[in-house]
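*Asks:* Make a model of this:
(one chain, ligands or ions: 1)
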Amino acid sequence: ERGLRVADRGFLNTAVIESAITYIDGERGILRYRGYPIEQLAEKSTFLECAYLLIYGALPARSQLSHFEREVLLHGIMHADATKFFGSFRYDAHPMAMLTSAFAYLGSYYGEANPSLQGQTLFTKCAKGDPEALQNMDKQIYRLIGKAITLAAMAYRVRQGREFVVPPTGMSYAESFLYQLDHLSPTDSFSASSSASPSPSPYKPHPVLARALDILFILHADHEMNASSTTVLQTGSSLPDPYSAVAAGCASLYGPLHGGANEAVIRMLVSIGSPNNVPTFLAAVKRREKVLSGFGHRVYKTSDPRSFIIRKIADEVFAVTGPDPLLDTAMALHDAALKDDYFVSRKLAPNVDFWSGLIYRAMGFPMDFFPVLFVVPRIVGWVAHWRQMMLSPEGVKIWRPRQIYVGPSERSYVPFDERE
Ligand code: SDX
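*Replies:* All right, here's what the predicted structure looks like:
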């Protein structure tokens, strides 16, 4: 029939795949990775252990985890040619644009150069359980997760004209990332030795900040069929190399309605300025002149369980870095919106992005780097869904949705001189 029902626009009411990876109950505010509640994983697990769980479906034995950690961190070693690649961007290029391009660049390096990595070959061999192909797929996964922090660190340092550094072994994923971001610049608040020692001492990420980042990575690792994961599978379904599919996911996460929301929240709080201006801002939102970034969710119609955990992490980080001056405005906005019928009637509550930007700001990250801190952990969810699709017993079918055509019916071509 003519006219798509609003209830179906933008996949609003469409299940595109069966998945065993992540479960969300939007009515009860439940999030589980392979059946494990997010609250337990945030408290007891580490990011790379959750990565293993999401990708392979089970909590790893100690030996499996240490092999996975070693492979991921080994593949994260800086990419010599990428130094030239990152140097080619303008001094003020947005790091998300750099990262999106960087994953496509990796595809040109690892995808094309070795046709067996191309989806068709990789997929057909993996589907037959070919051990070499499955090992190959694992290597692509290690490389994508390992390189995520190296490429992100490159996007951060190239704009400061700072050399890239290779992290020492024996660090956690988050510590290795903080090391690559911040090495030999003891002034930043990332390092434990920042104000303590005037001369650059061997860099040691602050334990509270490193653990906070590790938990934030756990919380951002996967979220079933969100826009960027859907983009990765949509792209991956035509069987390109996995790097190109991840580059597409990166582009989708960049938008302020998705991963760009944590940057949009800070811009919103800065524009509000102080708690006294919150009522005026909310009035503008109700007139639909502004959007309350960090609130609302396509699936959660009660609260986003991640926002409660992030709120707690914020207090732990502020205890080290000092509270963010925007915190009072954020609390006033949060409390006012939760009591306001306009938002309550639309079931709008804080989502994962409302508090995370304040933490990243307190940790000294530049605002346009915040979405990068969403991409890095979400690569795990993307590769977990990509692997699940590539190994699906019924094989990979290209994703090609239909539409409702509402354009003109048939008509004949009109020559120029007969056109009005
Ligand atoms: C993430 O999908 C995922 O899982 C994403 C994510 C993940 O982990 O991958 O959870 C991460 O992207 C979280 C969301 C971050 N985005 C933002 O914070 C941007 C602000 N939020 C909105 O843009 C919006 O809430 C969305 C995009 C998140 C959801 O939009 P929907 O599901 O399409 O909801 P909708 O636009 O149909 O809204 C329903 C009503 C509308 O009002 P009415 O037309 O019915 O009167 O609620 C209103 C909307 O106008 N509304 C908002 C609002 N969000 C929805 N009004 C003001 N401020 C908002 N934030």
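
*Asks:* gap between the closest residue to residue 391 other than its chain neighbours and residue 106?
*Replies:* Among residues not flanking residue 391 along the chain, residue 126 sits closest, at 5.9 Å (CB to CB, 6 or more residues apart in numbering). Using the backbone N, CA and C atoms, a C-beta is placed for each residue, glycine as well. Applying CB to CB, to the nearest Å, the value for residue 126 to residue 106 is 20 Å.

*Asks:* got it, and residue 411?
*Replies:* Per CB to CB, residue 411 is found 47 Å from residue 106.

*Asks:* Compare these two (neighbour count), which wins?
*Replies:* Just comparing residue 411 and residue 106: by other CB atoms under 10 Å the higher neighbour count belongs to residue 106, 24 against 6.

*Asks:* I'd guess residue 32 is in a strand, am I close?
*Replies:* Yes: going by DSSP: H, G, I helix; E, B strand; the rest coil, the assignment for residue 32 places it inside a strand.

*Asks:* tally of neighbours for the residue nearest to it when sequence neighbours are not counted?
*Replies:* Among residues not flanking residue 32 along the chain, residue 23 sits closest, at 4.6 Å (CB to CB, 6+ apart). Residues lying near residue 23 (other CB under 10 Å) number 15.

*Asks:* wait, what's in contact with residue 23?
*Replies:* Listed by CB atoms under 8 Å, 6 or more residues apart in numbering, the contact partners of residue 23 are 30-32, 35, 224.

*Asks:* Recalculate using a threshold of 10 Å.
*Replies:* Contacts for residue 23 (CB atoms under 10 Å, 6 or more residues apart in numbering) come out as 30-37, 224.

*Asks:* Of those residues, keep whichever come out buried.
*Replies:* Among these, the ones that count as buried by 16 or more other CB atoms under 10 Å are 31-34, 36, 224.

*Asks:* out of those, who's nearest the ligand?
*Replies:* Nearest to the ligand among the buried ones among the contacts of residue 23 is residue 224, at 7.0 Å by CB to the nearest ligand atom.

*Asks:* Got the phi and psi for the closest residue to that closest one other than its chain neighbours?
*Replies:* Distances taken as CB to CB, 6+ apart put residue 22 closest to residue 224, at 4.5 Å, once the chain neighbours are dropped. Dihedral pair for residue 22: phi -130, psi 140, per degrees, to the nearest 10.

*Asks:* Neighbours of residue 22, how many?
*Replies:* 22.

*Asks:* what does residue 209 give?
*Replies:* By other CB under 10 Å, the residues close to residue 209 number 24.

*Asks:* wait, isn't it in contact with residue 181?
*Replies:* No: Residue 209 lies out of contact with residue 181 (CB atoms under 10 Å); the separation is 11.1 Å.

*Asks:* Using PDB, list the CA coordinates for stretch 88-96.
*Replies:* Listed in PDB are the C-alpha atoms of stretch 88-96, where the atom choice follows Å, rounded to 0.1, in the frame of the first residue of the first chain:
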ATOM      1  CA  SER A  88      48.500  13.700   4.800                       C
ATOM      2  CA  PHE A  89      45.500  15.100   6.700                       C
ATOM      3  CA  ARG A  90      44.900  18.900   7.300                       C
ATOM      4  CA  TYR A  91      46.100  20.000  10.700                       C
ATOM      5  CA  ASP A  92      42.400  20.300  11.900                       C
ATOM      6  CA  ALA A  93      40.900  17.200  10.400                       C
ATOM      7  CA  HIS A  94      38.200  15.600  12.600                       C
ATOM      8  CA  PRO A  95      39.700  12.400  14.100                       C
ATOM      9  CA  MET A  96      36.600  10.400  13.100                       C
END
